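A.B. asks: return atomic coordinates for the entry below.
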Amino acid sequence: MEAIAQQVTQAITPLTDVLKSFNLPEPITHWGHPLMMGIVMFVMGGAAVYLGWNGRTSAVGEERAQKLNLHKRLALWMTTFMAIGYTGGIMSLVMQGQNIFESTHFWSGTIVLGLLGANGAISMSKFGGGKASLRTVHAYLGSATFLAMVAHAAFGLKLGLSI
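C.D. replies: Numbering: from 1, shown residues only. As a prediction, the model looks like this:
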């Protein structure tokens, strides 16, 4: 595993060297990723969870359709930003001289992206042709993923304070 971590670090070091050449203030290098991802996770993620459950429990109609449509778009954008932020987090660790695979925050982020991908796949399958059971799995998996994001944020805060 150490060899893979070294390969990943070597692969992105040229890019992190370019970022270092900008001479960004240390607080931005250190806390930029957590600040931006915290906004994505708690604002977009919280809104996506709210809209998903609110739409799921609303009466059938135009308002419900609008909530679920907004939930779908918001969750897709949130997942996109999470994937970009994941890359930024790895770059931040490398810029600060940290071993990426030794971080609980790295592993929890990997799990969160996997959960988001799995939940997105359920949705993109149109819930297996409209199966109520897959809609239920999607709802509860989405909520569990949000809880995993909260744990991920806690691991990130612990990491940030320890560096």
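
A.B. asks: how about the helices of the protein, start to end?
C.D. replies: 2-21, 26-39, 46-57, 62-95, 104-124, 126-130, 132-162 (DSSP state H).

A.B. asks: farthest from the middle of this protein: give me that residue.
C.D. replies: G61 (31.0 Å; C-alpha atoms, centre = their mean).

A.B. asks: before we move on, back to that, and the helices of the chain as TSV, adding mean neighbour count?
C.D. replies: Placement of C-beta: from N, CA and C, glycine included. Shown next, in TSV, are those (neighbours: other C-beta atoms under 10 Å):
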stretch	mean neighbour count
helix 2-21	12
helix 26-39	15
helix 46-57	17
helix 62-95	17
helix 104-124	17
helix 126-130	11
helix 132-162	16
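
A.B. asks: give me the pLDDT for I4.
C.D. replies: I4 is assigned 89 on the pLDDT scale.

A.B. asks: my read is that it contacts A11, right?
C.D. replies: No. Look at I4 against A11 with C-beta atoms under 8 Å: they stay out of range, at 10.5 Å.

A.B. asks: got a list of what the residue lying closest to G128 once chain neighbours are set aside touches?
C.D. replies: Closest residue to G128 apart from its sequence neighbours, by C-beta to C-beta, 6 or more residues apart in numbering: L134 at 4.6 Å. Taking C-beta atoms under 8 Å, 6 or more residues apart in numbering, we find L134 in contact with 122, 125, 127-128.

A.B. asks: okay then, goodbye and thanks.
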